[in-house]
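Give me a 3D structure for the following:
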Amino acid sequence: MSNHRKNRQWFSSKLQRFFWSREIAPLLLELDCGWLDGGCYTCAKGLYRYLIISATIDPSMLSFSIVIDQHQKAHHVVIGVQGATQVWFLDAKGVSSAQRLLHYWAREEHLTKPQIEACGDTDALESAIPSSDAIADRLAECLLTILGPYDPAWLEGDPQHTK
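Predicted coordinates for the structure are as follows:
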């Protein structure tokens, strides 16, 4: 197994443990939903802010993306991180390739023909999937405290993607 894959698995596992930990559970109570059933945009905002405040990745390498169904309805928000050869998607389940993310939403969430679409209009996204900026800020601060600054090597180890 390559070091890049081990790093990615480590980062994915850390994200999963973080978002589903007892320390973070009170934030879900405040949101009154889960990370995969209404809290995904807050989660994505927290991840985005964490990556930005880490100051180790060019912001142009980050994007909000949505998982949509065959009727173009938004179901889930993730953060896309452009790697050397592909985009990696971050959410409360950790790190996923596009294929893995779509497989999950088709198989586990029963979406018909799910697709991933970049979302440049976050105002429109906010009207479809509400979020909490205050909780997103707390998530980013907690991630920084627990994981330290994001290291691009956690996904692919490609130094050209650092600031």
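
CA atoms for contacts and neighbours, from now on please.
Will do.

where do the strands sit along this protein?
Ranges of strands within the chain are 62-68, 74-82, 87-91, 94-96, 115-118, based on DSSP state E.

As CSV, the ones you listed with mean pLDDT and mean neighbour count would be great.
CSV is the format used below for the strands of the chain (pLDDT from 0 to 100; neighbours: other CA atoms under 10 Å):
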stretch, mean pLDDT, mean neighbour count
strand 62-68, 95, 21
strand 74-82, 95, 24
strand 87-91, 97, 23
strand 94-96, 97, 22
strand 115-118, 94, 17
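
Export the ones you listed to JSON lines and append columns for distance to Arg8.
Below are the strands of the chain laid out as JSON lines (distance: least, CA to CA, whole Å):
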{"stretch": "strand 62-68", "distance to Arg8": "17"}
{"stretch": "strand 74-82", "distance to Arg8": "12"}
{"stretch": "strand 87-91", "distance to Arg8": "10"}
{"stretch": "strand 94-96", "distance to Arg8": "7"}
{"stretch": "strand 115-118", "distance to Arg8": "21"}
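
Can you tell me which of those strands is nearest to Thr42?
strand 74-82 (8.8 Å; CA to CA).

Neighbouring strands - and their directions - for that closest one?
The strands beside strand 74-82 in its sheet (DSSP bridges) come out as strand 62-68 (antiparallel), strand 87-91 (antiparallel).

In CSV, list the ones you listed along with distance to Leu36.
As requested, the strands paired with strand 74-82 are exported to CSV (distance: least, CA to CA, whole Å):
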stretch, distance to Leu36
strand 62-68, 12
strand 87-91, 9
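
Right, I'll leave it there.
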